[in-house]
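J.: just to be clear, the model below is a prediction. Sequence and coordinates:
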Protein chains: 2
Amino acid sequence: MLDNNQTGAARGSWRDVAARLASEIEAGRWKPGDCLPVEAELCAWLGVGRHSLRRAISALASSGQLRVQQGAGTFVAQRVRLTYAIGARTRFSDIVRANGHVPSSQILSAETVDAPDWVATILGQGGPVHRIVALGLADEVPVCLTTGWYPAARFPDLIQRRCGHETISAIYTSHGLADYERRDTAISARPARPHEARNLALTLDRPVLVSCKVDTDRTHIAIGYSEAVWAAERVQFTIANPRNGART
Amino acid sequence: MLDNNQTGAARGSWRDVAARLASEIEAGRWKPGDCLPVEAELCAWLGVGRHSLRRAISALASSGQLRVQQGAGTFVAQRVRLTYAIGARTRFSDIVRANGHVPSSQILSAETVDAPDWVATILGQGGPVHRIVALGLADEVPVCLTTGWYPAARFPDLIQRRCGHETISAIYTSHGLADYERRDTAISARPARPHEARNLALTLDRPVLVSCKVDTDRTHIAIGYSEAVWAAERVQFTIANPRNGART
DNA sequence: AGTCATTTGTTCGTATGTATC
DNA sequence: TGATACATACGAACAAATGAC
């Protein structure tokens, strides 16, 4: 939400309230992770009605400065920002470290299922696939939620090994795919969906970046598809200029 | 906005109203560009208060299905979706045509100003720069808003020629920069800012993709910086795999 | 150019539901 | 279980933007 706010907010309006709260947060009146006073108290302090206060809090939550939790309270959000080189075959943990943060990851689910139609189309084959969902974090702050799809027939031991913290690259390599290629990576952005917002600790309708890529063997047969959803406020992509030859 | 909505909306809630409106739109009760009935009428029709209706409309506007204009009405949004290859030196108009739409563009402003500090830092020099703001459209729907900064000393005639619909590439070329290079392109996403939302016909807090790039001559001196803001819902980027060698 | 009806935007008060602790 | 705190809802009034006359 928020709005055009061209001239300056009228005294007492929700825009003004949002601005006052934002400046208090900016000034450090409450630290990241702190809980704000309850609505009634804030209403009294700011001299506005509950509707205006809630509109203001809603805007700040929507802009990522606050995190609201029903029944618990309203909290000041934490911040992290990574720079991620797309295309380079660098590992998530290395990039996080290079950005000065401590990496970690969680496998949220790993199961073998029948390929949905759209996955079968992308992989060029149906049948059972491994679906692995993982969360990547930097300093304990969730950054990306990755869903990968791999033909079960080609990688029978993939789930076991991935759960043992082996990377997908390593698993490809051990299946004789050291020279696997990558089709074009697609990048788009959209508001976070409910389960993404939950896992990435975002408000709904906060933007996420989505990167989709298909890995292929040397004969251009698809061997894996993955879709990564990134909290847009916590990452920035860079794309090496092909002409500059950033490759080794 | 919106919410977790885990179990399903309670009858009469704004979520239910949003779902009913969305399904009516989906069913084609109102066509893209059409104006919805006024709030009071919709309230009566749906059997809810204005508050709930507005919450529902707000969610649909926020999700890009509706466009609300104070004093005018609430309209069903139009849709466009381009696929844009990052890195390839293709012209905007060619890409739009390749996607089956009719391209057009507007120069919103072109002026020579003193370089702000951050621009001077990027360009590696201060002094006067040309700042050109242009809007790119597909089928009359705005897609991207580009702001470019170029050293005035190096391109004295840039504004005149750009206003005459010459491309930046052509102007570079005529200054003996046919082999100009491009530093890494940075991609990020965030909610639209007020002037961006206005120019791109987006709701505030709708996501935009931002691409930033620095052009350099053969000696790696910066000759231009541009920042393009794209309506995320109307574009998707693709990045050619450097190893596949998609270049000519 | 100005007036006016229309339509959405904002704010208040109040009551009740629901999640968390 | 109860208390706390946020979520949702209705009603009403006025402000601000738009568009037509």
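T.: Received the coordinates, thanks.

J.: only C-alpha atoms for contact and neighbour calcs from this point on.
T.: Will do.

J.: near residue A:178, how many other residues are there?
T.: Residue A:178 has 14 neighbouring residues, counting by other C-alpha atoms under 10 Å in any protein chain shown.

J.: so where does it fall, helix or strand?
T.: Using DSSP states H and E, residue A:178 sits in no helix or strand.

J.: with adjacent residues omitted, what lies nearest to it?
T.: Nearest non-adjacent residue to residue A:178, counting by C-alpha to C-alpha, 6 or more residues apart in numbering or on different chains: residue A:172, 6.6 Å away.

J.: can you give me the buried ones in the helix or strand hosting that neighbour?
T.: Using DSSP H and E, residue A:172 maps to helix A:168-174. Neighbour-count burial for helix A:168-174 flags A:171-172 (criterion: 16 or more other C-alpha atoms under 10 Å in any protein chain shown).

J.: ok, the helix or strand just after that helix: who's next to it in the sheet?
T.: Per DSSP H and E, the first helix or strand lying C-terminal to helix A:168-174 is strand A:181-182. Sheet pairing here is set by DSSP bridges, and for strand A:181-182 it gives strand A:207-216 (antiparallel).

J.: the partner strand: what's the following helix or strand?
T.: That would be, after strand A:207-216 and using DSSP H and E, strand A:222-231.

J.: partner strands of the helix or strand following that next one, parallel or antiparallel?
T.: Per DSSP H and E, the first helix or strand lying C-terminal to strand A:222-231 is strand A:235-239. Applying DSSP bridges, strand A:235-239 is found paired with strand A:82-86 (parallel), strand B:185-191 (antiparallel).

J.: phi and psi next, for the nearest residue to residue A:102 once chain neighbours are set aside.
T.: Counting by C-alpha to C-alpha, 6+ apart, the nearest residue to residue A:102 once its immediate chain neighbours are dropped is residue A:139, at 4.9 Å. Here is the backbone geometry of residue A:139 (degrees, to the nearest 10): phi 50, psi 40.

J.: roughly how far does residue A:139 sit from residue A:96?
T.: The spacing between residue A:139 and residue A:96, counted by C-alpha to C-alpha, to the nearest Å, is 9 Å.

J.: so between those two, which is more surrounded?
T.: residue A:96 (22 against 15).

J.: quick one: contacts of the lowest-mean-pLDDT helix or strand in chain A?
T.: One helix or strand of chain A scores below all others by mean pLDDT, DSSP states H and E: strand A:181-182, with a mean of 82. Strand A:181-182 has contacts (C-alpha atoms under 8 Å, 6 or more residues apart in numbering or on different chains) with A:213-218, A:220, B:241, B:243-244.

J.: can I get those residues in a markdown table with pLDDT and neighbour count?
T.: Shown next, in a markdown table, are those (pLDDT from 0 to 100; neighbours: other C-alpha atoms under 10 Å in any protein chain shown):
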| residue | pLDDT | neighbour count |
| --- | --- | --- |
| A:213 | 91 | 21 |
| A:214 | 92 | 22 |
| A:215 | 91 | 21 |
| A:216 | 91 | 19 |
| A:217 | 89 | 17 |
| A:218 | 86 | 13 |
| A:220 | 88 | 13 |
| B:241 | 70 | 19 |
| B:243 | 54 | 13 |
| B:244 | 45 | 11 |
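
J.: just name the closest of those to DNA strand D, please.
T.: Comparing those against DNA strand D with C-alpha to the nearest atom of the strand places residue A:213 closest, at 35.4 Å.

J.: contacting residues around the closest residue to that closest one other than its chain neighbours?
T.: Spatial nearest neighbour of residue A:213, chain neighbours left out: residue A:185 (4.7 Å); criterion: C-alpha to C-alpha, 6+ apart. Shown in contact with residue A:185 (C-alpha under 8 Å, 6+ apart): A:87, A:211-214, B:238-241.

J.: go with 10 Å
T.: Contacts for residue A:185 (C-alpha atoms under 10 Å, 6 or more residues apart in numbering or on different chains) come out as A:86-87, A:211-215, A:227, B:85, B:237-241.

J.: where do the helices sit along chain A?
T.: For chain A, the helices defined by DSSP state H occupy A:14-26, A:39-46, A:50-62, A:92-98, A:117-123, A:158-163, A:168-174, A:194-200.

J.: which parts of chain A sit against DNA strand C?
T.: Residues of chain A lying close to DNA strand C (C-alpha under 7 Å from any atom of the strand) are A:3, A:10, A:12-15, A:48-53, A:55, A:69-72.

J.: make it 6 Å
T.: Chain A comes close to DNA strand C at residues A:12-15, A:48-52, A:70-72, as judged by C-alpha under 6 Å from any atom of the strand.

J.: just give me the least confident of those residues.
T.: Lowest pLDDT of these: residue A:12, 47.

J.: re the thing from before, what helices or strands is the helix holding residue A:172 leaning on?
T.: Judged by 3 or more C-alpha pairs under 10 Å, 6 or more residues apart in numbering or on different chains; DSSP states H and E, the packing partners of helix A:168-174 are helix A:158-163, strand A:222-231.

J.: compare these and report which one is nearest to residue A:129.
T.: strand A:222-231 (9.4 Å; C-alpha to C-alpha).

J.: what's the angle from that closest one to strand A:185-191?
T.: Angle, strand A:222-231 to strand A:185-191, by axes from the mean of the first three to the mean of the last three C-alpha atoms, to 10 degrees: 30 degrees.

J.: and strand A:222-231, how far from the chain's centre?
T.: Taking C-alpha atoms, centre = their mean, to the nearest Å, one finds strand A:222-231 lying 12 Å from the centre of the chain it belongs to.
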